[in-house]
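In: Sequence and predicted model, in that order:
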Amino acid sequence: MVDRANILEESNSLSADSIWNTTEIRRKAHNWNQFRDARLISDREAQLLSKFSKEPQTSQGAFASEDPTAFCQAFLTALKGISSDEPTQYLVTTLDELMKESKDIAKLFKPMAGTTLDPVQTVSALLTRGDELVVARACNVVVHLLGAGVEASAETVRFLFDFVRRESANESKRSKFCFVAIIGVLQGLLRDSKRRTSFYDDKGLQFLLPIIKTQSGNIQLVYQACHCVWLLSFSPDLKPKLADLQLAAVLTHALKLVQKEKVIRMILGALVNLIEEGDMKVILSVCGAHKLLENMKQRTWADEDIVSDMNLLLERVSENVERRSNFDEYCKEVLSGELEWTPMHRSQAFWEKNAVKFEDKDAQVLKVLVEIIKPGGRNESKAVSIALHDIGEFVKAHPTGKAIITRLNAKPYIMQQLTSADPDVNKEALMCVQKLMVH
C-alpha cells in the first residue's frame, strides 16, 4: 500500500543529473573569503563555508548538525548577501540535496524563523532570480522547509501563492523541470490546512482545473495539480464547495485519459473524500463515472489504495445510477468542454423542457458556457460557436434568461465574439445578440 504521507516527497523527486548538474555544482570550489572581504558574510561564516565545502558529501549532514546555529546562519547570510549565480547555485543545491537526504537538516532551520534571517523568506527571495536552476532549487528548499514545520509569515505565504499563480500564467517561458518545481511550492503550501481555505477563496480551484484539463502530455504536472485537489478535499469547510459538477467532470475526464497509477490514486482519493458530500453521487453518475469505474475494474492494479477506493466509489455511485435524462447528458457534454452539434442543441423541445434546470447548482452549467465563450481562451472555435448558440437558446426559452445571462457578465464576451475571425463563431454571436435584444 502506498503511504500517502510521502506523496509530496514523491512528487518533488529530482530529475536526471544532466538537468540539475548536481555533481558538478557540489564539487566546484568557491573562494568564500572574497565574499568576506566584500563584507557580504562574516569571517566566521567564511571559515565555516570553506571547511564545510571540503568535507566529503557523505559527512556534510553530520557536519551541519554539529553546530546547527552556525551552519544555518552561514548559509542564510550567504544566500541573502551573495548575488553571483555560481555560489548561489552551490548553496541552494547543497541545501536541497542535504534536505532530500535527511528531513532533520530542514528542521535545523526552525529556530531561525521570524528572525532577520527567516529561512522561508530568505530562500523565497531567490525566486526572483533569472537563473532557472536557482529558482527550481529554491522552490525545492522552500518545500523542504515547509514540510519540516518551519514557520512562514503571512506575508511570505502570500508572496509564494502570488509567485506560483504569476509563473503559471507564463508557463511557456519556463523549462519543464523549473515549472514542476514551482507547482511543488503550491503542494508544500497546501499541506497546511489553514492555508487551503484562503487559496480556494482566491479562486485557487479555477487555477488548478485547467492544468488537469490541458496538461495531459505532462503527467507530472497533472499529478501535482490532482495532489493539490486531494489536499483541499480533506478540509471540512471546503468539501461542500468542492462537490460540484465542474470538478467532478474534470476529474472523471482525466481518469479516462491518464494511465499512471500515481495520478489515478490522487483522483480517486479526492473523489472518495467528497463522495458523501451534497449531490456528489448523482453528479458522478451524470459524468459517466459508473461505466468508467466498471471498465477500470477490469484492469490489474499494483496499488491497493486504487482498488479499495475504486470499489468504494463504484458502490456509492451504483446507488444513484438511473436512466439519465437528456439534460444529464447535456451537462456531461458541456462540463467535459468537448462540445459537439448533438441533436439536443438544436431541439426546441429540449430547451422548452429543460431551460429552468440551468439554474440548478448555482447555474453551474451556464457559468461553464460563459467561460467557454471568453475571448482568448483555449477552447476550439466549434465549442465557442455551440456555447454561443446555447446561451441564445437559453435566453429564448427561459422567462428571465436575459437577466440571468446579464448577471453572469456574459454580454461583453458575446459582443467581443462578433469580431471573431472564425465565420461560424461570428454567425452564432450575431444570432445570440439578436435573441438577447428580442427577449
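Out: Structure's in. What do you need?
In: make it CA atoms for all contacts and neighbour counts henceforth
Out: Fine.
In: pLDDT of stretch 367-375, averaged?
Out: Averaged across stretch 367-375, the pLDDT comes to 93.
In: Restrict stretch 109-126 to CA atoms and write it as CSV.
Out: Taking Å, rounded to 0.1, in the frame of the first residue of the first chain, the C-alpha atoms of stretch 109-126 are listed here in CSV:
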residue,chain,number,x,y,z
PHE,A,109,16.3,26.0,10.5
LYS,A,110,13.2,26.1,12.7
PRO,A,111,14.7,28.4,15.4
MET,A,112,15.6,31.0,12.7
ALA,A,113,12.0,31.6,11.7
GLY,A,114,10.9,35.1,12.4
THR,A,115,14.4,36.5,12.7
THR,A,116,16.2,38.8,10.2
LEU,A,117,17.5,35.5,8.6
ASP,A,118,14.0,34.0,8.3
PRO,A,119,14.6,30.8,6.3
VAL,A,120,11.5,30.6,4.2
GLN,A,121,11.6,34.4,3.4
THR,A,122,15.3,34.3,2.6
VAL,A,123,15.0,31.3,0.2
SER,A,124,11.8,32.7,-1.3
ALA,A,125,13.7,35.9,-2.3
LEU,A,126,15.7,33.7,-4.7
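In: So, low pLDDT: which residues of the stretch 101-250 of the chain?
Out: Scanning the stretch 101-250 of the chain with the threshold set as pLDDT under 70 gives 215-217.
In: can you map out the helices along it?
Out: 103-107, 119-124, 132-147, 154-169, 176-190, 193-201, 204-214, 219-232, 239-242, 245-257 (DSSP state H, counting those that start in this stretch).
In: Of those, which is nearest L284?
Out: helix 245-257 (6.4 Å; C-alpha to C-alpha).
In: now for the closest one, which elements pack on it?
Out: Secondary structure elements in contact with helix 245-257, counted by 3 or more C-alpha pairs under 8 Å, 6 or more residues apart in numbering; DSSP states H and E, are helix 204-214, helix 261-274, helix 280-286, helix 326-336, helix 360-372.
In: got CSV for those helices, with mean neighbour count too?
Out: Shown next, in CSV, are these (neighbours: other C-alpha atoms under 10 Å):
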stretch, mean neighbour count
helix 204-214, 16
helix 261-274, 23
helix 280-286, 25
helix 326-336, 19
helix 360-372, 17
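In: Tell me which of the helices of the stretch 101-250 of the chain approaches V334 most closely.
Out: Closest of the helices of the stretch 101-250 of the chain to V334 is helix 245-257, at 9.2 Å (criterion: C-alpha to C-alpha).
In: For that closest one, buried residues please.
Out: Neighbour-count burial for helix 245-257 flags 245-255 (criterion: 16 or more other C-alpha atoms under 10 Å).
In: what do you get for stretch 76-85?
Out: Residues of stretch 76-85 classed as buried: 76-80 (neighbour count, 16+ other C-alpha under 10 Å).
In: Likewise for stretch 348-359?
Out: Buried residues in stretch 348-359 (16+ other C-alpha under 10 Å): 350-351, 354-356, 358.
In: if we can go back for a sec, need the winner for burial among the helices of the stretch 101-250 of the chain.
Out: helix 132-147 (a mean of 26; mean count of other C-alpha atoms under 10 Å).
In: ok, and what's touching that one?
Out: Helix 132-147 is contacted from outside by 12, 20, 85, 88-89, 92-93, 95-96, 99-100, 103, 106-107, 109, 119-120, 123-124, 126-129, 152, 174-175, 177-179, 181-182, 184-185, 188-189, 191, using C-alpha atoms under 8 Å, 6 or more residues apart in numbering.
In: repeat for stretch 74-91
Out: 25-26, 28, 30, 35, 40-41, 45-46, 48-49, 92, 117, 119, 122-123, 131, 133-134.
In: thinking D309 is in contact with I267, fair?
Out: No - counting by C-alpha atoms under 8 Å, D309 sits too far from I267 to count as a contact (9.8 Å).
In: So W301 versus K262, what's the distance?
Out: The spacing between W301 and K262, counted by C-alpha to C-alpha, to the nearest Å, is 11 Å.
In: next one: L245
Out: To K262, L245 is 23 Å away according to C-alpha to C-alpha.
In: list the contacts for L247?
Out: L209.
In: what residues are up against S420?
Out: Listed by C-alpha under 8 Å, 6+ apart, the contact set of S420 reads N426.
In: Residue numbering should commence at 15 henceforth.
Out: Will do, 15 is the new start, and the previous item becomes S434.
In: got a pLDDT number for it?
Out: The model reports S434 with a pLDDT of 90.
In: in stretch 407-418, what's buried?
Out: Applying 16+ other C-alpha under 10 Å to stretch 407-418 flags 407-412, 415-416, 418 as buried.
In: Between these, which sits nearest E290?
Out: E290 lies nearest to I418 out of these, by C-alpha to C-alpha, at 30.4 Å.
In: Now the buried residues of helix 259-271 in a markdown table, please, with extra columns for distance to P82.
Out: Formatted as a markdown table, the buried residues of helix 259-271 follow (distance: C-alpha to C-alpha, whole Å):
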| residue | distance to P82 |
| --- | --- |
| L259 | 50 |
| Q260 | 48 |
| L261 | 45 |
| A262 | 47 |
| A263 | 49 |
| V264 | 46 |
| L265 | 45 |
| T266 | 48 |
| H267 | 49 |
| A268 | 45 |
| L269 | 46 |
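In: Please identify which of these is nearest to L288.
Out: Nearest to L288 among the buried residues of helix 259-271: A262, at 9.7 Å, using C-alpha to C-alpha.
In: Identify the spatial nearest neighbour of the closest one, chain neighbours not counted.
Out: L298 (6.4 Å; C-alpha to C-alpha, 6 or more residues apart in numbering).
In: Can you say which of the contacts of stretch 88-105 are buried?
Out: The buried subset of the contacts of stretch 88-105 (16+ other C-alpha under 10 Å) comprises 39-40, 49, 54-55, 59-60, 62-63, 106, 131, 133, 136-137, 147-148.
In: Rounded mean pLDDT for stretch 329-341, please.
Out: 68.
In: quick revisit: redo the helices and strands packed on helix 259-271 as CSV? Include distance to S182.
Out: Shown next, in CSV, are the helices and strands packed on helix 259-271 (distance: least, C-alpha to C-alpha, whole Å):
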stretch, distance to S182
helix 218-228, 9
helix 275-288, 20
helix 294-300, 29
helix 340-350, 22
helix 374-386, 19
